[in-house]
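> Predicted model and sequence follow; I will ask about them next.
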Amino acid sequence: MSVLVGADTKLVISGLTGREGTFHGMNNRRYGTDLVAGVTPGKGGQDVEGVPIFDTVHDAVAETGANTSMVFVPPRFAADSILEAADAGIELVVCITEGIPAHDMLRVYTHLRRGQTKLIGPNCPGVLSPGKANVGIIPAHFFSQGGVGLVSRSGTLTYQIGNELAGRGFGNSTIVGIGGDPIVGSSFIDVIAQFEDDPETELIVMCGEIGGDEEERTADYIAEHVSKPVVAYIAGFTAPPGKTMGHAGAIVSGSSGTAQAKAEALEAQGVRVGRTPTEVAEVAAELSGAAA
Amino acid sequence: MDLLEYQGKQLFRSHGVPTPDGRPAQTTEEAVEAGEELGYPVVVKAQVLIGGRGKAGGIKVANDREEAREHADAILGMDIRGFAVHELYIEKASQIAEEYYAAILLDRGAKQPMAMLSRMGGMDVEEIAERDPKAIARVHIDPLVGFQDFHGRRLAFEAGIAADVIRPVGAMLARLYDAFVGEDAMLVEVNPLLVTEAREVVALDAKVTVDANALYKHPETAQMRNSGGEDEQEQMAREHGLTYVKLDGNVGILGNGAGLVMSTLDVVAQAGGRPANFLDAGGGSRAEAIVDAVEVILSDPKVDAVLFNIFGGITRCDEVARGLVTAFGQIDVTVPFVVRLDGTNDQEGRQILADANLDGVHVEKTMLGAAARVVELAGDGETPSVTETGEHPAPVGAGTADTGAASQADVSGTDAAGAEAAGGGATPPEPTR
Ligand SMILES: Nc1ncnc2c1ncn2[C@@H]1O[C@H](COP(=O)(O)OP(=O)(O)O)[C@@H](O)[C@H]1O
Ligand SMILES: [Mg+2]
């Protein structure tokens, strides 16, 4: 088993006909993901390397039974594409797009939470279940199948930490990039709850960063609801207040959202926090040794 | 993106939020002219992207032409906590009966907008919270339903404002909410929200932060960008489309992906170094972007050594190496570089660097090894500060520059400003470009 994506995933990509969309969509297909459709309004009836293109997500779902959507369209069209996918009955939307206005996401988030559709992202690298499916832009060759569930607000930092873990012999059940925006569809808690229920996941690594208070909330959640060992990493100890550090959501506002506060909140709830990506892997090795 | 007071008030007026009549002015002459037009007394207000201007002497009442000239002269060019005053706002003076506080912001934790109201205006919100946490009334607003009259009543009754202004204050909050949504703002703050002696309700101050990602919807607001508070390197980086933040150390840093770059700053600090900057060259960094980035980093005279920390995903290490070689051909580089290339095409990248045999370029295999090396090469820098107690600067927000200059929107427990440009992060989401 894995979480979010796997052998049952039937993927439709909004924006498959664009250059980046084609590149990553085909990568996902080569990995073994069941890519069943693309959506580009006005290009219905065409195909991209044999993948049929539809004008609407509704058509794609009706014709192919797609259950997962990846959104790979420019920021000004992305909120609309997410809502379209939800309206068409898609179960999971993975939105890669960076730069969606926060108010758009606020409306999308509020609407989706009232229905059945899950959203991962936006501004995220996607979801990879090694050996099963890859939906997004995570370079799959760094990751092998295994017992670590990895959830992160950042892309490249995930690769770095995944690589450190691989160096110590760990593989992954699923890698989930939840995204670097202030409003994202799924939180650490949402994903960790799934890892807790996933029999393949033995250990959880969460990789947070400055801004907001999700890590603090997650600390409390872990203490109450999670039995599996959790190792955390927080980026941005050296970030000055009031400055956005690359991700729209990565900002220390006054005295809130600091890395220090997040690390302390996690440690106060008994979650081990690695001070460097390397130390995360060391702690993971220690904990999995203890659990075994 | 933060707006100046008068720019914020311009947006307020377009949404029907009442403000005193006023005119921006760039020179003493323009200030005096504005005073004549408005009629005295007027208030001469420094326009800088930081609060507490009143306390700093940046806000003065002028009762006649002479005083207007005097104050404008004194305030123009003044330095308010690191922000030079280049612009003034000349505003009709109001007769103050009460000063309240009002704000609407994006509450990230709740994932909803939140409106706040307090009787205790004039001081900043953290000060109010400290004196009397119950003095701030808060309500969350469902973004799909919007601000309703009852939200205004709840705030007004809970804040305990004067009975006769409950309706007009509620109406002002509703219009502020319109401005908040209509302008894609992350924060609108009115401090003070004024009740005049004639019992009129007006926004006397305006602090507005708009979402940089939404500027395409608001071309006029996009023109309002203020470079105040942005230094030379930050401006240069923005023009090149690079995500750069200036810090106060001597180790220049480049990486790909926001999270990895933040992490790189942290490990450099842990190794005893002081980062000079944050620079995210972005996912899929091309060679030209690397050349631009090297130029921006080296234009900071404090930089004594540079660390490249690349973990190639979409980014290809050979591209980065090629960019570095090109940069060395175009720029006179006099400081050492430490380069760590890992991930996609890392061997090719390292080979390119080995073949080019660049002077002063040191290749390291691991992130921690690279951090230790660059710190050693950078030395102490010229700052003789030895106030640190421990041998390593703790990896705390401590190693940072301008704590004193934190945004005036330090809204406790929330993120008032989570919106500044995110350009060039880990993903290239513009497939149609
Ligand atoms: N138009 C005005 N008429 C009368 N008093 C004013 C006016 N504008 C500002 N003031 C006074 O100056 C104080 C500070 O002004 P404000 O605009 O809030 O700047 P800051 O928050 O940067 O100090 C206000 O609390 C108010 O007492
Ligand atoms: Mg004020």
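Ah, there it is. Computed from a prediction, not measured in an experiment: that's the story for all the values here. Ligands and ions are numbered 1, 2, ... in the order given.

> What sits closest to residue 58 if chain neighbours are left out?
Went with chain A since none was named. residue A:88 (4.5 Å; C-beta to C-beta, 6 or more residues apart in numbering or on different chains). The C-beta positions use only the backbone N, C-alpha and C, and glycine is treated the same way.

> my bad, chain B
Spatial nearest neighbour of residue B:58, excluding adjacent residues (C-beta to C-beta, 6+ apart): residue B:46 at 3.3 Å.

> pLDDT at that neighbour, what is it?
At residue B:46 the predicted local confidence, pLDDT, stands at 97.

> Surely it is in contact with residue B:85?
Yes. Shown here, residue B:46 and residue B:85 form a contact pair, counting by C-beta atoms under 8 Å, at 4.4 Å.

> Please enumerate the shared neighbours of these two.
Listed contacts common to residue B:46 and residue B:85 are B:58, B:75, B:78; contacts here mean C-beta atoms under 8 Å, 6 or more residues apart in numbering or on different chains.

> tell me, which of those residues make contact with ligand 1?
Among the shared contacts of residue B:46 and residue B:85, no residue is within reach of ligand 1 (C-beta under 6 Å from any ligand atom).

> Near the residue nearest to residue B:58, how many other residues are there?
Look at residue B:46: counted by other C-beta atoms under 10 Å in any protein chain shown, it has 28 neighbours.

> now for the strand or helix carrying residue B:32, which elements pack on it?
Residue B:32 belongs to helix B:28-38 when assigned by DSSP states H and E. Helix B:28-38 makes packing contacts with strand B:22-25, strand B:42-46, helix B:65-75, strand B:88-92 when contacts are defined by 3 or more C-beta pairs under 8 Å, 6 or more residues apart in numbering or on different chains; DSSP states H and E.

> For it, list every residue counted as buried.
Within helix B:28-38, the residues that qualify as buried are B:28, B:30, B:31, B:32, B:33, B:34, B:35, B:38, counting by 16 or more other C-beta atoms under 10 Å in any protein chain shown.

> And the residue nearest to residue A:156 when sequence neighbours are not counted, what's its pLDDT?
With sequence-adjacent residues excluded and distances taken as C-beta to C-beta, 6+ apart, residue A:156 is closest to residue B:257, at 2.8 Å. In this model, residue B:257 is scored at 90, pLDDT.

> Go ahead and confirm residue B:257 touches residue A:152.
No. With the criterion set as C-beta under 8 Å, residue B:257 and residue A:152 do not qualify as a contacting pair; they are 10.6 Å apart.

> quick one: which of the two has more around it?
Set side by side, residue B:257 and residue A:152 give different neighbour counts by other C-beta under 10 Å, the larger being at residue B:257 (35 against 30).

> ok, now how distant is the more buried one from residue A:236?
As for residue B:257, its distance to residue A:236 is 13 Å (criterion: C-beta to C-beta, to the nearest Å).

> swap in residue B:327?
Residue B:327 sits 27 Å away from residue A:236, going by C-beta to C-beta.

> Same drill for these two, tell me which one is more crowded.
residue A:236 (31 against 22).

> which non-adjacent residue is nearest that one?
Of all residues apart from its sequence neighbours, residue A:210 sits closest to residue A:236 (C-beta to C-beta, 6+ apart), at 3.5 Å.

> Can you name the residues that contact the one you found?
Residue A:210 makes contact with A:234-236, A:239, A:245, A:250-252, A:257-259, A:262, B:262, according to C-beta under 8 Å, 6+ apart.

> again, but for residue B:171
Residue B:171 touches B:152, B:201, counting by C-beta under 8 Å, 6+ apart.

> Wait, a helix at it?
Yes. For residue B:171, which was evaluated using DSSP: H, G, I helix; E, B strand; the rest coil, the result is membership in a helix.
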